[in-house]
Structures are given as structure tokens and as C-alpha cells.
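next come a sequence and a model predicted from it.
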Amino acid sequence: MSSLQDWQEANQRYLIAELAVLKRRLYGFIKANGDVKFGLEDGEKEKEKEEFEKKMAEAVRIRDEAARSLPSPGALECIAKIFRLTAFERDLLLFCAGPELDSDFASLCSEISDSSRPGGSRLPTFALAMHVLPGAHWSAFTPTGPLRRWHMIEVGDGDALTCRPLKIDEKVLHYLLGVDIRDERLDSLQLADLPGDLPDSYLDLARQIEEAMQRPDRPIIELLGADSEAKQDVAAFACSQIGLLVYAISSEDIPLLSADRDKFVRLWVREAFLSGAALLVDCEDLEGRERTHAALSLIERLESRVLVASREPLLLKRRAGLCLEVAGLAPAERRLIWKKALGPLAEELDGQLEMLVDQFNLGQKEILAASAQAEVFCLSSGQSDQSPRRPGERLWDACRAQTRPRLEELAQRIEPAATWDDLVLPESLQQVLREIGVHLRQSSRVYGSWGFGSKG
């Protein structure tokens, strides 16, 4: 059995034991009211009080034993610590979970409510909690209190606020049971994949992000550059080093209405604290005044760790931002990734690898995709009746396919049909063109291997 399974089982035993203590308190409240109603003698009251205290002590003993068996703090204690719940707020949250986990709670709530108000709720209410739970305070019921602010409990319909039924949020209920699921209202978010290896230049950026995320002021980290996948990889890798997941949201999915955006912010911050996650806001294609306002409003209001992927720095007004440039890979880094991806095939390219490195400024994921695509091309051509093309030609086609989506946003693609033999030029001019081609094919060596590219 895994350590996670051990904790989940111990956590559920502890939660059930906590509910048993709370249920015993409800029984005691009902019994105390019944004694007053039916006018029991003092001797009978004392006997029942002793019996109640005996059962309560046993329930507390079982709960404490379950708490000691936990390999790490239980979910109830974690959520109370994360959101700084008072003892009363913690018990109220547990109270609201009761009817979902124990059918007796509904009948107990109904019995207590009916005794004071005909047709009372079968769910917990503020009034019921004030009577039953110790340390009650009114601030726990306000919209700015943590239970309602972070949507841990929902208030049902009714006339008087204190008599409205209370229901625990589904995400929070699963969390208390030790099951981590994402709130379905956050389905627009995409979990960022964790990359394998990062190039050295990106590792340096990841370390800077990791350090910034652990600063007390939690600056907004802006990742600038044209390679959106590289920015997501660097963010996911950096956050993984401090135990965080990364969820990404497109600026197009950010709610435009202030009320909807406010609810999203609260749901996400709750999710971030409970699941240990950071949010990456994709502002690559941010356009329009309304969309820009919505994105900036969301980013600056988030109380959790947040990163932004954009081409240019955003105009932040209320929070500090740390801008990091995620530049394209250097030729040497691209060459190394190509060699790892191609394996033995790299030795068969007869110098064509340098041409690929120079001609196509691909990111890591694009290089891996092109390598896999070229391998498929080679296998399919070997099984066909057509004359097989050389691996270098297949790789070239695969690289063109990777860059084509970006280029087609800017220009119309024209398939070349002319060859050298179709040129109608004097031989001397054709020779000049051929020499230019030779020089271009060697540009990666001149600018990369020989270092002229870094000299301006």
C-alpha cells in the first residue's frame, strides 16, 4: 500500500471520528432540551448527564487515537490552517459535511429545528450552529468571512439568514476526504505538462522563477518572448521544483463581467491553496481594450502565485512585476537537442544537420516533433514502391511542417516549382547565385560554430 493510500485511510478514519464527536454533541443538545421540556427530576438529569459525558469521553478518545495514527496532518486541520479558520469556523465546516457523510445528521438537524421552528431544515443552519457549537461568533457567517468568501459553504434560499440551509461545496468535501479533484467551474484551465530535460539557458531562467516565487511579495512573473511552448515548459519546470503544479488559462477565457471574474478569482485562489498550484495567464494574443482590462484586472487581483506569458511587458499598476526574457535556443543548444532526438540517424545526415540548425529556429518540442515525424516519413517511404528519399530531405520537410502554422498567419504559402535548370540567366549570374547558396549553407558554421553571431 502506498503512503498516499495510508494517509487517505487514516484521514477518513479521523474525519469519521470527528463527526462522531459532533454527532454526540447534537444528541446532548437534543437530550438537554428534552429534559427541560418534560421536566425530569434532578436525580434523573444528573444520571443522564453522567451517561452523556461518558459517551462523549469515549468519542473524544477514539478521535484522539485516530488523530495520532495520521502520518501527517489531516485534511480538516490543513484547510483550517490554510484559510486561518477559527475553532468555530472549523467545526461549522465539519458540521456542513455531516449530512453528506452520515445520514443521521439530517434527522438530527431536522429534530433540533422542528423543536424550535416547525418545518425546520434537514441541513445545518447558522442558528443551529450558534446553539450547538462552542465559541460561536457572528463574523463566521459574513460574506467576508473565510467560509463564504472562499465558497467553502453555500447559503441556500430562505427568509431569515440564520435559518437558511447550509451546504458544503463539493470540491471542499472531496478535499476533506483526501481526494484532490479540480473544481468543474475551472474547466477552462489546462494542466501544463512537465518537460523532460531543459536546455541550460532555460534552466537558469527556471532558477530565477523559483527564487522569485518564494519571495514574500510574490511578484507577477512575466515571461516574454515568441516561443509560447518554451515559456510554458520553463514555468512548469520551475514550479515543480517547489512542489507546485501549473495551470494555464487563455486571455480569451477570462470572464469579461466583473462579478463573474470575481467569482473565478476566489475559486482559483481556493484551488491554488488546496492543490498547490500556480496560474499561467496566456496573453500572447491579447487584443482589444475590454479583453486587456479583464486580463489585467484578473492578474493583479490574484492572491496566489501567478505567471504571465506575453510578447511584451504588461502595464501593471497595483503589483510589482518581474520580466524575464525567454529567448530562442542558441544554435549550439538546438544542435545538441537534434543529436539527442535523432540518435544514430544524426550520423547519416552528412553535414545536413548544420543546415537544419541554421535554417529552422525551432524550440525543443518542435525539434522532437520534427524528429518523430521524419522517422515516420522514412518508415512509410521504405514500405512504398516510390524511390525512398534521403533522411535529410525528410527532416527538412518535417521542419517546414513545424514552422508552417506560424508562417501561414503572416503570408500565403507558395509551393516552389522552379529548379536551377529553369532559370534563364547568363552562366556567370547563375554561378553567382550558386555561390550565394553555398555561403548561406555555411552560415550556421560562421555565425554559430565560429561565434560571429554573438558579435553583432
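Okay, I see it. Numbering: from 1, shown residues only.

Leu194: what secondary structure?
Here Leu194 is recorded as coil under DSSP: H, G, I helix; E, B strand; the rest coil.

cool, and Leu329?
Per three-state DSSP, the secondary structure class of Leu329 is coil.

quick one: contacts for it?
Contacts here follow CB atoms under 8 Å, 6 or more residues apart in numbering; on that basis Leu329 touches 199, 201, 230, 337, 361-364. Bear in mind the C-beta positions are built from the backbone N, C-alpha and C, glycine included.

so for it, what's the pLDDT?
What the model reports as pLDDT for Leu329 is 83.

so which helix or strand takes in Glu222?
In the assignment (DSSP states H and E), Glu222 maps to strand 220-224.

paired strands for that strand, with orientation please.
strand 306-310 (parallel), strand 321-325 (parallel) (DSSP bridges).

which element follows the last one toward the C-terminus?
Once strand 321-325 ends, the next helix or strand along the chain (criterion: DSSP H and E) is helix 331-342.

give the buried residues for that following helix.
By neighbour count on 16 or more other CB atoms under 10 Å, the buried set for helix 331-342 is 331, 333-338, 341-342.

which stretches of the stretch 151-300 of the chain form strands?
153-155, 166-168, 190-191, 220-224, 245-250, 277-282 (DSSP state E, counting those that start in this stretch).

what's the most buried one of the ones you listed?
Among the strands of the stretch 151-300 of the chain, strand 277-282 has the highest mean neighbour count (mean count of other CB atoms under 10 Å), at a mean of 23.

most tightly packed of the strands paired with strand 220-224?
strand 306-310 (a mean of 25).

what is the orientation angle of that strand with strand 277-282?
If you take axes from the mean of the first three to the mean of the last three CA atoms, to 10 degrees, strand 306-310 sits at 20 degrees to strand 277-282.

could you export the strands paired with strand 220-224 to TSV, including columns for distance to Cys399?
Below are the strands paired with strand 220-224 laid out as TSV (distance: least, CB to CB, whole Å):
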stretch	distance to Cys399
strand 306-310	24
strand 321-325	24
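
follow-up on the earlier one: of all the strands of the stretch 151-300 of the chain, which one is nearest Gln5?
strand 245-250 (20.7 Å; CB to CB).

okay, now the unreliable bits of the stretch 351-456 of the chain?
351, 376-389, 391, 404-413, 441-456 (pLDDT under 70).

and the helices in it?
Secondary structure of the stretch 351-456 of the chain by DSSP state H, counting those that start in this stretch: the helices cover 352-359, 364-383, 391-407, 427-441, 443-444.

which residues touch Leu186?
With the criterion set at CB under 8 Å, 6+ apart, Leu186 makes contact with 247, 264, 267-268, 271.

what's the burial count for Ala330?
16 (other CB atoms under 10 Å).

cool, Ser371 as well?
For Ser371, the tally of surrounding residues (other CB under 10 Å) stands at 20.

excluding its backbone neighbours, what's nearest it?
Distances taken as CB to CB, 6 or more residues apart in numbering put Ala341 closest to Ser371, at 3.9 Å, once the chain neighbours are dropped.

tabulate the CA atom coordinates of stretch 74-93 in CSV.
Output in CSV follows, covering the C-alpha atoms of stretch 74-93 (Å, rounded to 0.1, in the frame of the first residue of the first chain):
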residue,chain,number,x,y,z
GLY,A,74,-5.4,15.6,8.3
ALA,A,75,-7.3,17.4,5.6
LEU,A,76,-9.5,19.2,8.1
GLU,A,77,-6.6,20.6,10.0
CYS,A,78,-4.8,21.6,6.7
ILE,A,79,-7.8,23.5,5.4
ALA,A,80,-8.2,25.2,8.8
LYS,A,81,-4.6,26.3,8.8
ILE,A,82,-4.5,27.4,5.1
PHE,A,83,-7.6,29.7,5.5
ARG,A,84,-7.0,30.6,9.1
LEU,A,85,-10.3,29.3,10.4
THR,A,86,-11.3,29.8,14.0
ALA,A,87,-12.2,26.7,16.0
PHE,A,88,-15.9,27.6,15.5
GLU,A,89,-15.5,28.0,11.7
ARG,A,90,-13.6,24.7,11.6
ASP,A,91,-16.5,23.0,13.5
LEU,A,92,-19.1,24.7,11.3
LEU,A,93,-17.4,23.4,8.1
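
what is the neighbour count of Glu229?
Neighbours around Glu229, by other CB under 10 Å: 15.

where in the chain is pLDDT low?
Using pLDDT under 70, the flagged stretches of the chain are 1-2, 33-45, 113-121, 350-351, 376-389, 391, 404-413, 441-456.

show me the domain layout of it.
3-176, 186-325, 331-415, 424-456 (automatic domain parsing).

ok, back up a step: deepest of the helices of the stretch 351-456 of the chain, which one?
Among those, helix 352-359 has the highest mean neighbour count (mean count of other CB under 10 Å), at a mean of 20.
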